[in-house]
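>>> Just the structure for this:
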Amino acid sequence: CTGLCNNRSLKLLSFEEFNFSRARLEILDPLFMLNRNLTTLKLVKCNLQPEDIQMLSNAFTRRGYPASTKFICLSGSTINDELAHAIVGLNNACPQLKRLDLSSSRIGNRGCNELASILKNPETKLKCLYLNDNPIGNEGA
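Alright, predicted model coming up:
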């Protein structure tokens, strides 16, 4: 991970079933903040914790080139209703985000309703919000 933090040309960063520790994710912080070419971030089944999602949101908020990121995939993560606000913040930090995949997570009705605020925002560029395989009932749908 250490070698990635200085990369400024990477367009796609993808990890699957990688057990991120807080320290490993923090090493990548400069990559998230400074790489203007990063268009796709996939952290699939990476056991991200609440503070990890918040760290990602903060890194993208401080990012010098927010317009480049178009797709973020956090499927199979531990994202739940309490983290929905951090996901809204992550979306706001990436104003050109077109696809957000939160499938196979733990988002319920309350989180789904909070995520709906993204779609209600007239400035959003988000076209696809993947929420399949989450415990969302009729109240959240």
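>>> Show me what the helix or strand bottoming out on mean pLDDT in the chain packs onto, helices and strands only.
Least confident helix or strand of the chain, by mean pLDDT, DSSP states H and E, is helix 22-27 with a mean of 79. For helix 22-27, the elements it packs on are helix 50-61, judged by 3 or more CB pairs under 8 Å, 6 or more residues apart in numbering; DSSP states H and E. Bear in mind the C-beta positions are built from the backbone N, C-alpha and C, glycine included.
>>> What residues of the helix it packs on count as buried?
Asp52, Ile53, Gln54, Met55, Leu56, Ser57, Asn58, Ala59, Phe60 (16 or more other CB atoms under 10 Å).
>>> ok, for the spatially most central residue of the chain, nearest residue in space, not its chain neighbours?
The centroid of the chain falls nearest to Ile72 when counting by CA atoms, centre = their mean (5.1 Å). Once flanking residues are discounted, Ile72 sits nearest to Leu41: 4.9 Å by CB to CB, 6 or more residues apart in numbering.
>>> Mind telling me what element the one you found is part of?
Leu41 belongs to strand 40-44 when elements are defined using DSSP states H and E.
>>> Now the buried residues of helix 50-61 in CSV, please, with extra columns for pLDDT and distance to Ser105.
Shown next, in CSV, are the buried residues of helix 50-61 (pLDDT from 0 to 100; distance: CB to CB, whole Å):
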residue, pLDDT, distance to Ser105
Asp52, 84, 13
Ile53, 81, 10
Gln54, 81, 15
Met55, 84, 17
Leu56, 84, 14
Ser57, 81, 15
Asn58, 82, 20
Ala59, 82, 20
Phe60, 82, 19
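>>> Could I get the residues you listed in CSV, plus columns for distance to Cys5?
What follows is these, written out as CSV (distance: CB to CB, whole Å):
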residue, distance to Cys5
Asp52, 16
Ile53, 19
Gln54, 19
Met55, 14
Leu56, 14
Ser57, 18
Asn58, 16
Ala59, 11
Phe60, 15
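>>> between those residues, which is closest to Arg36?
Set against Arg36, the nearest of the buried residues of helix 50-61 by CB to CB is Phe60 (12.5 Å).
>>> quick revisit: ok, what's across the strand from the residue nearest to Ile72?
According to DSSP bridges, the partner residues bridging Leu41 are Leu13, Ile72.
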